[in-house]
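Visitor: Need a 3D model of the following:
(2 chains)
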Amino acid sequence: MRNWLSDSAIPGVTAAVGLVLAATLTAAQTPAYRAPRTADGRPNLNGIWQALNTANWDLQGHAASKGPVPSLGAMFVVPPGLGVVEGDEIPYLPAAAAKKKENQANWAALDPEAKCYLPGVPRATYLPYPFQIVQSQQQILISYQYANAVRVINMGTPTKAPNESWMGWSNGRWEGETLVIDVTALDDRTWFDRAGNHHSIALHVVERYTPRSADTLMYEATIEDPKVFSRPWKISMPLYRRVESNAKLLEFRCVEFAEELLYGPLRKK
Amino acid sequence: MSRRSLASTAALAAGVVALLAQASAVGQTQSAAPKPTAAAKPWTPPRTADGKPDLQGIYTDNTVTPFQRPKELGSKEFYTDQEFAALMKRARQGDVGEEGNLGAANPQEVRYDLELYGFDRTKVRFGANKRTSLIIGPEGVVPPILPEAQKRNAERGARNKGHEFDSHENRPLSERCILLNQERIPLIPGANEGNLIQIVQGQGYVSILRETNHSTRVIPTDGRAHVSQNIRFYQGDSVGRWEGNTLVVDTTNFTNLSAFQGSGERLHLVERFTRVADDMLIYQFTAEDPTTWAKPWTAEIPWTKSQGPVYEWACHEGNLMISNILRGARVAEQDAAQKRER
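Guide: Model (predicted):
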């Protein structure tokens, strides 16, 4: 290859080869799939989507294990999963690692999901419920079936969060085929999964939604929190379109299913 | 919240003038009386990129028009220009009186600092029209509840009597943050925070986010039928369609706990959303329930464009009310038991 290039007497050929190489490199970096467009020319992400994995049980790889309620037998056990964390390692600082262990040991009582609290980002994405992207030009609304959670992503000039909230403050932009959402001001009471993975108020999440076929998206989230992790880390997973012709988000106001846990001890004896 | 409530007097004055200007246009949507003037240019509603009427934006449904018509007005459906101007003048001064009650709310129910939460009626942005009540037609009030429905509702109330503090299940849905009054459909204004509504449209869907309890509906407009009647929801099942410039949303499949103005699970709602100006949308609904009312009835509420932002309303996550109420009741019971022993 090198000889052929150096021996070449025609500069144009070199340039052409250079272009081909450059094109090959670019192609390797960008997804081959080009999504259908919305009327305003953006990749069309409209639809009802759902993760199909065990990330909500544990972001990291895990074998099956028993569930929290023995009387339920083989129902509601922890299903096995390969994990969604790049390198399968979450780089906790020492104190935060200890807190994670403690959370995990008491997860059934402590997990905000058990209390039907708003899930935060990125957990909302891979809870075992569908969510719907409603894509407009200046805003993209994401409605989650779980707890009727919602985010409105600002696609205009980025704005600063007025305050912290459970679902955070989202500014989005398009990078070619990819919707990139920068999320800040996330409440520190949310968890990442039922395994007790946690974060602080300093959490910063950058999400990337990239169409990979007509009915699948690739989802990536880069998680940064200098108070809890020694470096940023990344999760990724495919999201699947709910292709049923009657697919619809249904009412799931889970508060009423959490009340016995929260208020049962205060019941009149 | 403070950003909205601290609107400058100048902005308010401008807003009121704008609202007064809109009021005549709004009055025309239903009234037979006012005729369009030759000078008035027809307003063309904007379209989304895919050609649908563009309803998008952040609105407030604050209004000075009461839900039901005050008795003394009889069948008078509209104020005259003069009466309306006088009413608006009083509203600007904060004296809104019974006929200008801020939305459907009862002033006695306002429990918070008016200024802090944007309740100062001289500063709150509101939609105005010449209607004497939000409920339209000669009656202007909710029709009488049928005897069978009265019986049903009384029985429902009686079941809880004497057990109000036994458990969370005996408390109202709103207190439990399951379904707040102001997020229920149809959307009724109330003198409360959380009165913003945001509409975002995607291909084949319209999403409507009510600030109160982050209540979101994503309504399909593809002509599909309702889900099976076996599936009931607090907020029902909504399907939509476009009729000219209007989004029409049909909702059924309510639960028997969704009671709206005394309705049962047979409640059938038809909501109509129409942009009538750059900064105003008319929200109209017709409520029908043959088990509750002898005939359907209709209300019309002006929604005014607002700035936002729509804040997250995390009701359940901060709900100390239920714990405190139940704990209080248990402590009271203990005290009573101890007294008896003495």
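
Visitor: only C-alpha atoms for contact and neighbour calcs from this point on.
Guide: Will do.

Visitor: can you give me the strands for chain A?
Guide: Using DSSP state E, the strands of chain A run over residues A:47-51, A:131-135, A:139-144, A:150-154, A:169-175, A:178-184, A:204-213, A:216-224, A:233-241.

Visitor: How about the residues of the stretch 101-250 of chain B by chain A?
Guide: Selection of the stretch 101-250 of chain B residues close to chain A by Cα under 8 Å from any Cα of the partner chain yields B:165-168, B:176-178, B:200-203, B:205-207, B:214-216, B:218, B:224, B:233-235.

Visitor: thinking again about what came up before, now that we have the strands of chain A, can you turn them into JSON lines and tack on mean neighbour count, distance to residue A:247 and mean pLDDT?
Guide: Compiled in JSON lines, the strands of chain A are given as follows (neighbours: other Cα atoms under 10 Å in any protein chain shown; distance: least, Cα to Cα, whole Å; pLDDT from 0 to 100):
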{"stretch": "strand A:47-51", "mean neighbour count": "23", "distance to residue A:247": "7", "mean pLDDT": "98"}
{"stretch": "strand A:131-135", "mean neighbour count": "25", "distance to residue A:247": "10", "mean pLDDT": "98"}
{"stretch": "strand A:139-144", "mean neighbour count": "25", "distance to residue A:247": "14", "mean pLDDT": "98"}
{"stretch": "strand A:150-154", "mean neighbour count": "22", "distance to residue A:247": "18", "mean pLDDT": "98"}
{"stretch": "strand A:169-175", "mean neighbour count": "20", "distance to residue A:247": "26", "mean pLDDT": "98"}
{"stretch": "strand A:178-184", "mean neighbour count": "21", "distance to residue A:247": "23", "mean pLDDT": "98"}
{"stretch": "strand A:204-213", "mean neighbour count": "22", "distance to residue A:247": "19", "mean pLDDT": "98"}
{"stretch": "strand A:216-224", "mean neighbour count": "20", "distance to residue A:247": "16", "mean pLDDT": "98"}
{"stretch": "strand A:233-241", "mean neighbour count": "20", "distance to residue A:247": "10", "mean pLDDT": "98"}
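
Visitor: need the ones you listed in CSV with distance to residue B:324, can you?
Guide: Shown next, in CSV, are the strands of chain A (distance: least, Cα to Cα, whole Å):
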stretch, distance to residue B:324
strand A:47-51, 38
strand A:131-135, 34
strand A:139-144, 30
strand A:150-154, 28
strand A:169-175, 31
strand A:178-184, 33
strand A:204-213, 35
strand A:216-224, 37
strand A:233-241, 40
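
Visitor: Tell me the span between the first and last residue of stretch A:121-139.
Guide: Length of stretch A:121-139, first residue to last, Cα to Cα, to the nearest Å: 18 Å.

Visitor: Is chain B within reach of it?
Guide: Yes. Contact of stretch A:121-139 with chain B (Cα under 8 Å from any Cα) involves A:134, A:135, A:136, A:139.

Visitor: Could you find the closest non-adjacent residue to the second one?
Guide: I take that to be residue A:135. residue B:202 (4.7 Å; Cα to Cα, 6 or more residues apart in numbering or on different chains).

Visitor: Contacts only, for that neighbour.
Guide: Contacts for residue B:202 (Cα atoms under 8 Å, 6 or more residues apart in numbering or on different chains) come out as A:46, A:134, A:135, A:136.

Visitor: Give me the local confidence score for it.
Guide: What the model reports for residue B:202 is a pLDDT of 97.

Visitor: what about chain A, any weak spots by pLDDT?
Guide: Scanning chain A for pLDDT under 70 picks out A:1-31.

Visitor: please redo it, this time with the cut-off set to 50
Guide: For chain A, the stretches with pLDDT under 50 are A:1-28.

Visitor: domains of chain A?
Guide: Split into domains by automatic domain parsing, chain A comes to A:1-30, A:47-244+A:251-266.

Visitor: Can you add distance to residue B:265 and give those domains back as a markdown table?
Guide: Putting the domains of chain A into a markdown table (distance: least, Cα to Cα, whole Å) gives the following:
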| stretch | distance to residue B:265 |
| --- | --- |
| domain A:1-30 | 52 |
| domain A:47-244+A:251-266 | 16 |
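
Visitor: which of those domains sits most buried?
Guide: domain A:47-244+A:251-266 (a mean of 19; mean count of other Cα atoms under 10 Å in any protein chain shown).

Visitor: Span of it from start to end?
Guide: One end of domain A:47-244+A:251-266 sits 42 Å from the other (Cα to Cα).

Visitor: Quick one: distance of that domain to the chain centre.
Guide: Computed by Cα atoms, centre = their mean, to the nearest Å, the chain-centroid distance of domain A:47-244+A:251-266 equals 6 Å.

Visitor: Stretch B:240-253 now?
Guide: That offset, for stretch B:240-253, works out to 18 Å (Cα atoms, centre = their mean).
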